[in-house]
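A.B. asks: The following comprises the amino acid sequence and a computationally predicted model.
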Amino acid sequence: MIGLLRGRVVLRTGECEVIVDVAGVGYRVTVTPATAAALITAGTGGTGGTGGTGGTAAEVSLFVHTHVREDAIVLYGFVHDDERRCFEVLLGSHGVGPALALAIMAVLSPAALSTAVLEDDIETLCTVPGVGRKTAARLLIELKSRLDLPDLSLETGGAVLSGADPAQRTSRTSRAEARAALSELGYAPEEIRGALDGLRDDVGVEEMLRLALRELASR
């Protein structure tokens, strides 16, 4: 199985596909739209589009998940290895195929997905096209049991989720409860995120709610 490709991007054949030239062999690799755009920019010196490299392309590296189907072998590429691991965790979830897993990766970074699962943030998962509330709720349950992979870490300090200390887990639970309470009061996900973003994690649920409601009222 192919796990890593290092070469030059010679063509973008679609919104989510590039061809990487590795020692004269062109590999078709499926990526997120953002990754495709970044690879073209990096690989062609900023020329963009779908043109060739003209012999001056910079070398790029992609961590690869090789997906074998009955009718095809498809390569999925990621700039960072934690993205590849996150993609594979998603594939292990019930009802999640490569297309949906890639759609989730296109919207949420591994850290953002981990945080959403920790906080039972169903609204964030629902921002992914094709993910409804039922699917999001099932994913929250399934992913909680699979977040012990060392590369699925929080952005804050790079702390491993499974190794988070009790105080950190308590603060995450408080924020999740505050988020749920504000949602029950009818506030939209964007309003809730804005109200909670500036609050410290070490305050209790009641204080967090009081401060959030004051912030929402001021708007």
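C.D. replies: Thanks, I have it.

A.B. asks: Show the residue spans covered by the helices in the chain.
C.D. replies: 33-43, 81-91, 98-107, 110-118, 122-125, 133-144, 166-184, 189-197, 205-218 (DSSP state H).

A.B. asks: Return the member of the ones you listed having the minimum mean pLDDT.
C.D. replies: Among the helices of the chain, helix 166-184 carries the lowest mean pLDDT, at a mean of 65.

A.B. asks: Which one of the helices of the chain lies nearest to Gly24?
C.D. replies: helix 33-43 (16.0 Å; CB to CB). C-betas here are computed from N, CA, C, even on glycine.

A.B. asks: could the helices of the chain go into JSON lines alongside distance to Leu4?
C.D. replies: Below are the helices of the chain laid out as JSON lines (distance: least, CB to CB, whole Å):
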{"stretch": "helix 33-43", "distance to Leu4": "15"}
{"stretch": "helix 81-91", "distance to Leu4": "9"}
{"stretch": "helix 98-107", "distance to Leu4": "18"}
{"stretch": "helix 110-118", "distance to Leu4": "18"}
{"stretch": "helix 122-125", "distance to Leu4": "29"}
{"stretch": "helix 133-144", "distance to Leu4": "25"}
{"stretch": "helix 166-184", "distance to Leu4": "33"}
{"stretch": "helix 189-197", "distance to Leu4": "36"}
{"stretch": "helix 205-218", "distance to Leu4": "44"}
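
A.B. asks: Output those helices as TSV; include the columns distance to Tyr27 and mean neighbour count.
C.D. replies: Listed next are these as TSV, based on distance: least, CB to CB, whole Å; neighbours: other CB atoms under 10 Å:
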stretch	distance to Tyr27	mean neighbour count
helix 33-43	12	18
helix 81-91	15	20
helix 98-107	16	18
helix 110-118	24	20
helix 122-125	31	21
helix 133-144	30	16
helix 166-184	40	17
helix 189-197	39	16
helix 205-218	49	15
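
A.B. asks: Tell me which of those helices sits nearest to Arg6.
C.D. replies: Once these are compared by CB to CB, helix 33-43 is nearest, at 11.6 Å.

A.B. asks: give me every residue that touches Thr30.
C.D. replies: 16-17, 74-77, 98, 102 (CB atoms under 8 Å, 6 or more residues apart in numbering).
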